[in-house]
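Engineer: This is the structure alone, sequence omitted:
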């Protein structure tokens, strides 16, 4: 079986670690990002993703305001491509969508709610052409553009993460008033490729994802409690489609890249130099304690966060189980009423309790990156946000990986800013969020 089709194993062998550590001296020095050349001044909501089009212009997906805007090269809003006004023919839809590169300089806007894909031409105008999503059950996965890699267009196909193989197991018919079984979520997900003409589907490879264990219980007084066990330092994979159409799988186990060309040809490049940091048993205990302390401080500073988490949890579980519209967990559900069951009364859903895995379950070496850390620029490179293993300047450091799988640059993004996307000619688009608003900046990579 080709290496890229196997599910990646966990852990680093001593030999791999030794060779990686010896290669760490080849890492490029950290350098500052180039100058900012434009800053937005219009009111923008939470910008989930962007699409660079000719003339230095940008299409931006303002997901929180449910609209697609056209910005000029100075980041000034010059047009509304789609919005949430019911009376307009360019309605955005009731759920967040996503912008995807399409043929040439055209763009697809995926509306998961209507299971459709609208075509935006290179001038930034919505065309009459509408296509259905390749597979209705994957509409939600196509629209995950704001959560790491959503979907890409490559050589006549859409490439995106498929639905995980979630299992809902029951030992028998559900009892009256019984809680539904919790789904078992795997630790890896497929990346699939769907031909837009034939609708043929093939699995390109698998990526390792963070795994959580969820437990749900109901007490005699009608309260439903949910606990979620998470690993704060998981070993994961990342993937992107580069501007040349290659699908790149960045493996977190040993930090190398597996490549799949548009022709289907596969290759693997050597491990990328990285300063691997060993975690002792004491380090693992300290890390868990530190994460727990930070979490408790955040909860104390935002008392309403628990309610938000419970609502998000209910929506996520409904979406994961069926792949359709999210199911919102109601906080005044009525339980009972069945023969022999308890009387009708409100079932109170408490905010999920966050637990952490035992320190012994943390990896022996700190992984190079977290989930949703990779982006493809407009010049064939991959940018990976790395986890610091030693003191570094304030901000975020990205490894820039070329088509040979080599880290040829390390770029410092200023503190408080995130990379929203890239534009041709060595341009990066940065975002700064303040509450529910976003300020965009256009900066030179060098």
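Structural biologist: Yes, it's here. Because the structure is predicted, anything quoted here is derived from the model rather than measured.

Engineer: which SSE is the nearest residue to residue 102 once chain neighbours are set aside in?
Structural biologist: Excluding its sequence neighbours, the residue lying closest to residue 102 (CB to CB, 6 or more residues apart in numbering) is residue 108, at 4.6 Å. Quick note: C-beta positions are derived from backbone N, CA and C, even for glycine. If you go by DSSP states H and E, residue 108 is part of strand 107-111.

Engineer: and if you look at residue 295?
Structural biologist: Here residue 295, judged by DSSP H and E, is contained in helix 281-301.

Engineer: which parts of that helix are buried?
Structural biologist: Within helix 281-301, the residues that qualify as buried are 284, 287-288, counting by 16 or more other CB atoms under 10 Å.

Engineer: ok, and what's touching that helix?
Structural biologist: For helix 281-301, contacts defined as CB atoms under 8 Å, 6 or more residues apart in numbering pick out 232-233, 279, 305-306, 354, 356-357, 359-360, 362.

Engineer: hmm, try it at 10 Å
Structural biologist: Residues outside helix 281-301 that contact it (CB atoms under 10 Å, 6 or more residues apart in numbering): 230-233, 277, 279-280, 305-306, 309, 351, 354-364, 366.

Engineer: burial count for residue 124?
Structural biologist: Neighbour count of residue 124, defined by other CB atoms under 10 Å: 23.

Engineer: quick one: the strands in the stretch 301-446 of the chain?
Structural biologist: Secondary structure of the stretch 301-446 of the chain (DSSP state E, counting those that start in this stretch): strands located at 333-335, 345-349, 353-356, 374-376, 382-385, 396-401, 407-413, 418-423, 427-434, 437-444.

Engineer: And the last one, how far out from the chain middle?
Structural biologist: What separates the centre of strand 437-444 from the centre of its chain is 20 Å, taken as CA atoms, centre = their mean, to the nearest Å.

Engineer: Give the pairing partners of the strand or helix carrying residue 193; include direction for each.
Structural biologist: Assessed by DSSP H and E, residue 193 sits inside strand 188-195. Here strand 188-195 has these sheet partners by DSSP bridges: strand 157-161 (antiparallel), strand 201-208 (antiparallel).

Engineer: So which of those strands is the most surrounded?
Structural biologist: strand 157-161 (a mean of 24; mean count of other CB atoms under 10 Å).

Engineer: tilt between it and strand 107-111?
Structural biologist: Here strand 157-161 runs at an angle of 50 degrees relative to strand 107-111 (axes from the mean of the first three to the mean of the last three CA atoms, to 10 degrees).

Engineer: from now on call the first residue 16
Structural biologist: Yes, from this point I'll number from 16; that puts the last item at strand 172-176.

Engineer: and the nearest residue to residue 408 once chain neighbours are set aside, how far is that from residue 250?
Structural biologist: Of all residues not flanking residue 408 in the chain, residue 427 sits nearest, at 5.7 Å (CB to CB, 6+ apart). For residue 427, the distance to residue 250 (CB to CB, to the nearest Å) stands at 25 Å.

Engineer: sorry, back to before: residue 224: which of the strands of the stretch 316-461 of the chain is closest?
Structural biologist: Residue 224 sits nearest to strand 389-391 of all those, at 13.3 Å, using CB to CB.

Engineer: Which residues are in contact with the residue nearest to residue 117?
Structural biologist: Taking CB under 10 Å, 6+ apart, one finds 66, 112-117, 131-135, 146, 148, 157, 166, 168, 173, 211 in contact with residue 123.

Engineer: Which members of these occur in helices, if any?
Structural biologist: Among the contacts of residue 123, the members falling in helices (DSSP state H) are residue 157.

Engineer: Show me just the buried residues among the contacts of residue 123.
Structural biologist: With neighbours counted using 16+ other CB under 10 Å, the contacts of residue 123 contain these buried positions: 66, 112-117, 131-135, 148, 157, 166, 168, 173, 211.

Engineer: coming back round to it: now the helix holding residue 310: average pLDDT?
Structural biologist: Averaged over helix 296-316, pLDDT sits at 89.

Engineer: Would you pull up how far that helix lies from the middle of the chain?
Structural biologist: Taking the mean of its C-alpha atoms, helix 296-316 sits 24 Å from the chain's own mean (CA atoms, centre = their mean).

Engineer: Where do the strands of the stretch 116-265 of the chain begin and end?
Structural biologist: 122-126, 131-135, 141-147, 166-169, 172-176, 203-210, 216-223, 228-233, 238-245, 252-256, 262-266.
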